[in-house]
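S.K.: I need the structure of the sequence given here:
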Amino acid sequence: MTPHLSSQLSECIVAWCYEHGKSAREIAELADYSERTIYDILPLHHNFGQNPNPFSRQNAPPCILELDDVNYIYSILEANPGLYIDETQQQLHSIRNVDVSIATIS
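M.R.: Predicted structure coming up:
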């Protein structure tokens with residue numbers, strides 16, 4: 001997986017390669033990244049015309065649980081350790097009016 005690069009640096013890498021004819025080794029030295037990273041970036045630009053890959057999985061939305069919600073979950077699980085996750089989800093909704101997925105709770 002390619003490390004996160006700024007869009008400006010990605011554009012520079014592409015320009016150094018296609019406009020200035022620099023080798024991957026030269027670009028790696030200029031960008032202070034490995035040659036492998038350079039070899040990962042260039043096909044993305046060639047195939048999609050942009051970096052990053054527009055079809056890659058995007059970052060998940062931020063967690064909507066606040067500290068008080070998490071504390072509530074801990075307290076109900078402490079009081080009833082055998083509570084199922086879906087029951088925890090229902091209680092969180094009914095008492096705190098917070099809708100989250102089971103994956104968020106687990």
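
S.K.: list the helices and strands the helix or strand of the chain with the lowest mean pLDDT packs on?
M.R.: When the helices and strands of the chain are scored by mean pLDDT, DSSP states H and E, helix 35-48 comes last with a mean of 84. Taking 3 or more Cβ pairs under 8 Å, 6 or more residues apart in numbering; DSSP states H and E as the contact definition, the neighbouring helices and strands of helix 35-48 are helix 7-18, helix 24-31. Placement of C-beta: from N, CA and C, glycine included.

S.K.: how about those helices, which one is nearest residue 48?
M.R.: Taking Cβ to Cβ as the measure, the helices and strands packed on helix 35-48 were each checked against residue 48, and helix 7-18 came out nearest at 11.5 Å.

S.K.: now the closest one: buried residues?
M.R.: By neighbour count with 16 or more other Cβ atoms under 10 Å, helix 7-18 contains the buried residues 9, 10, 12, 13, 14, 16, 17.

S.K.: residue contacts, the first one?
M.R.: So the one you mean is residue 9. By Cβ atoms under 8 Å, 6 or more residues apart in numbering, residue 9 lies in contact with residue 31.

S.K.: which residues touch residue 68?
M.R.: When contacts are counted by Cβ under 8 Å, 6+ apart, residue 68 is found next to residue 96.

S.K.: low-scoring stretches of this protein, by residue?
M.R.: Applying pLDDT under 70 to the predicted model, the residue ranges of the chain that meet it are 1-4, 51-63.

S.K.: ok, 90 please
M.R.: Within the chain, the stretches with pLDDT under 90 are 1-12, 14, 18, 31-33, 37-66, 97-106.

S.K.: related to what we said a few turns ago, show me which positions of the least confident helix or strand of the chain end up buried.
M.R.: The neighbour-count criterion (16+ other Cβ under 10 Å) identifies 37, 38, 40, 41, 42, 44, 45 as the buried residues of helix 35-48.
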